[in-house]
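> The following comprises the amino acid sequence and a computationally predicted model.
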Amino acid sequence: MAQTVGIAGFGTIGTAVATRIARDLPGLELLAISAGRRDVAETRLRSLDLTVPVVSAGELAASCDIIVECAPTAAFLSIAEPALAAGRTLITVSGAAILEHPGIVDVARAGGGQIILATGALLGLDAVRAAAEGVIHSVRMVTRKPPRSLRTAKYVVENGIDLDSLAEPLLLFRGSAREGARAFPSNVNVAAALGLAGIGADRTELEIWADPTKLRNCHRIDVDADSARFGFEIENIPTDENPGTGRITALSMIAALRAIRAPLRVGT
Ligand SMILES: NC(=O)C1=CN([C@@H]2O[C@H](COP(=O)(O)OP(=O)(O)OC[C@H]3O[C@@H](n4cnc5c(N)ncnc54)[C@H](OP(=O)(O)O)[C@@H]3O)[C@@H](O)[C@H]2O)C=CC1
Ligand SMILES: O=C([O-])CC(=O)C(=O)O
């Protein structure tokens, strides 16, 4: 029997995931979505030839086995709480929101639900999780994004930083992943996920650069542990709709969904 899926947040990621579930994810059935502006979501559903209703987060939690959360950070709790209290599986890439609301893990525990924080725009979380079973000495991450990917970032907007006329790379932030995720909640979910996978967000060191020489969202990660020393780099191609979000993020959620029904799972 198919498992039913609800998508919360029908923007850049949500639209890509919904389309794929409807066309190419056997064993999963898209049942409903919840959205910000209902009229915009309904128009988009029609243009994609998808005939599912737009419902509230509560209705999504009541009717779907799996909730895919891809809404803005500020909406995370209103979507995650009812879903997890109802014992559902919540797939998300909102690492920053989990750091901000750590009690959500207790809601999942009490309700019998599960949060799957998909790898999103990062890579190598499997290796970091494995290393964390031993002793990790340090985790460092340097994020370099083209200015257009950071233009709407909370910290940039609040501090009135003009990135449009940037001639050379500008260091916007240096500190812990926790502080970074708080200041850039929609831009470094990856750093939050890295913190959660490894030695915690307080000990994970982060730099964020606005870099006019970059066309892609770039992350460099270095881990030093008693089992291995490793480093990795990813260059994410920004989506047209939301340059802060790389194309690979939606694909990561689709891969996480496919794994739920797959007879073979690859990776930790
Ligand atoms: N870990 C990772 O690698 C990454 C994580 N992310 C996270 O994923 C989130 C989604 O990214 P993206 O798809 O690019 O964002 P978008 O801004 O493109 O889409 C967000 C959608 O959520 C809708 N929305 C707003 N409020 C609500 C609500 N209360 N309930 C349901 N939906 C709502 C918006 O609708 P409307 O426009 O009508 O308000 C919009 O359609 C980001 O906010 C970010 O936190 C993103 C990229 C990478
Ligand atoms: O971290 C994020 O939220 C998004 C990101 O860096 C990317 O897409 O490369």
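Cool, the structure landed. Ligands and ions are numbered 1, 2, ... in the order given.
> Can you give me the distance of the residue of the stretch 1-150 of the chain found nearest ligand 1 to T43?
Ligand 1 sits closest to G11 of the stretch 1-150 of the chain, with a gap of 1.8 Å, by CB to the nearest ligand atom. (C-beta placed from N, C-alpha, C; glycine too.) Distance from G11 to T43, counting by CB to CB, to the nearest Å: 13 Å.
> More neighbours: those two, which one.
G11 (19 against 11; other CB atoms under 10 Å).
> Hmm, N242 and that one touching each other?
Yes - G11 sits in contact with N242 when judged by CB atoms under 8 Å, with a separation of 6.9 Å.
> where does the protein dip in pLDDT?
Judged by pLDDT under 70, the chain has its weakly predicted residues at 268.
> Can you show me the strands along it?
3-8, 28-34, 66-69, 89-92, 114-117, 136-145, 170-176, 204-210, 217-225, 229-236 (DSSP state E).
> Contacts for the third one, please.
Read it as strand 66-69. 3-9, 14, 17, 28, 60-61, 76, 79-80, 83, 88-92, 94, 253, 257, 260 (CB atoms under 8 Å, 6 or more residues apart in numbering).
> Apply 7 Å and report the result again.
3, 5-9, 17, 60-61, 76, 79-80, 83, 88-92, 94, 253, 260 (CB atoms under 7 Å, 6 or more residues apart in numbering).
> mind checking how far that strand is from the chain centre?
The chain centre lies 12 Å from the centre of strand 66-69; the measure is CA atoms, centre = their mean, to the nearest Å.
> what lines up beside it in the sheet?
strand 3-8 (parallel), strand 89-92 (parallel) (DSSP bridges).
> now these in JSON lines, with distance to ligand 1?
Below are the strands paired with strand 66-69 laid out as JSON lines (distance: least, CB to the nearest ligand atom, whole Å):
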{"stretch": "strand 3-8", "distance to ligand 1": "5"}
{"stretch": "strand 89-92", "distance to ligand 1": "8"}
